[in-house]
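curious how this folds, go ahead:
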Amino acid sequence: MGKPLDTDLRRRVVAAIEDGMPTAAAAERFAVSKAAAGAWARLKRATGDVLPKPQGSGFGSVLDPYTDFIDGLISADKDITLAEIAEQLGETHGLHVVPSTIWYFLDRRGITFKKKPRTQLSRNAPMSCWRVKPGLTTSWISTPSVWFLSTRQGPQRRWHARVAARFAANAAGRPCRTGIGRQPPLSAL
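Prediction:
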């Protein structure tokens, strides 16, 4: 959501409208939209000021009253999924929420847990080339040396006997057609 326009600008637009200037003319003079100028004038008539309303919900989460229940579910079963928490909330409290709501609730409170812990680093040798610091060598046992499609060498070129004979004849002394060392095309041979 965008930032509201300055209160001083709002007050000047509304003051111009209150002094008798048409809304469209005041909007054009201060380079704002006609709808915004009209809305500010209505806001001034309704509330007495043109201050913008606070942005954001500010109400917290729907799950705030159920914090202890969710904490209890997580402490009872460390491998519980977000869908299972949502299902338990629906069955126990009649609250139907989607798993992403639970994720945002837990994320705001810094509650995260991984299903699988990180693999411990090897103390003997680095397991991949990118973790090697200058001066260390990698273990060729732990780092596979395989070709990938992007680095694989292409197949070796195999010449047919007829083409090889043409090149051999040209190399044996036939003059080059262009005279600067290029081989003539095969159709000219």
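
biggest helix in the protein by residues?
As assigned by DSSP state H, the longest helix anywhere in the chain is helix 34-47.

list the buried residues for it?
In terms of neighbour count (16 or more other C-beta atoms under 10 Å), helix 34-47 has its buried residues at 36-38, 40-41, 43-44. All C-beta atoms are positioned from the backbone trio N, CA, C, and that covers glycine.

kindly report the same for stretch 17-33.
Using 16+ other C-beta under 10 Å as the test for burial, stretch 17-33 gives 17, 21, 23, 26-27, 32.

which members of the residues you listed occur in helices, if any?
Going by DSSP H, the helices hold 17, 23, 26-27 from those.

test my guess that Ala41 contacts Met21.
No. Ala41 is not in contact with Met21 according to C-beta atoms under 8 Å; the separation is 10.6 Å.

who touches stretch 29-48?
Applying C-beta atoms under 8 Å, 6 or more residues apart in numbering, the external contacts of stretch 29-48 come out as 5, 9-10, 12-14, 16-18, 21, 23-24, 26-27, 49-50.

sorry, back to before: heading C-terminal from the longest helix of the chain, find the next helix or strand.
Using DSSP states H and E, the helix or strand that follows helix 34-47 towards the C-terminus is helix 67-76.

by contact count, what packs against that following helix?
Helix 67-76 sits against helix 82-93, helix 99-108, with contacts defined as 3 or more C-beta pairs under 8 Å, 6 or more residues apart in numbering; DSSP states H and E.
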